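> My questions concern the predicted model and sequence given below.
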Amino acid sequence: MVLRLSLFVVLAALAGPASASSPDAWSAFRAEVRSACLAAARAQGMTNPEVVTHPFGSQSYGIAVLREGDDKRICVFNKATKAVELT
């Protein structure tokens, strides 16, 4: 019984990272970062910025660059809290 439970825990742990790394998961992540960064940029006065999202971000953060004319900003998206900060 303990062996079965241990095997289940190990398999569950291995399955999580594999599904999080799927192309669909990364696409959804980029869309989430883009949406959150756009909302923050609009709240700070940008009207229709171009958004370039890093494909994967770092282990803890999603990163995007927003540009509208001469106005350029970096957006940092906390993966754990979903909080956004702009430069």
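Structure received. Numbering: from 1, shown residues only.
> give me every residue that touches the residue lying closest to residue 86 once chain neighbours are set aside.
Of all residues beyond its chain neighbours, the one nearest residue 86 is residue 73 (4.9 Å), with distances taken as CB to CB, 6 or more residues apart in numbering. Every residue, glycine included, has its C-beta placed from N, CA and C. For residue 73, the contact set (CB atoms under 8 Å, 6 or more residues apart in numbering) comprises 41, 44, 46, 49, 65-67, 86-87.
> One more pass at 7 Å, please.
41, 66, 86-87 (CB atoms under 7 Å, 6 or more residues apart in numbering).
> Any of these buried? List them.
Applying 16 or more other CB atoms under 10 Å to these, the neighbour count classes 41, 66 as buried.
> buried stuff in the helix or strand hosting residue 62?
Assignment of secondary structure by DSSP states H and E places residue 62 within strand 61-68. Neighbour counts over strand 61-68 (16+ other CB under 10 Å) mark 61-66 as buried.
> Can you tell me which of the residues you listed is nearest residue 82?
Within those, the smallest distance to residue 82 is 9.6 Å, found for residue 62 (CB to CB).
> The closest one and residue 81 touch, don't they?
No: with contact defined as CB atoms under 7 Å, residue 62 and residue 81 do not form a contacting pair (11.7 Å).
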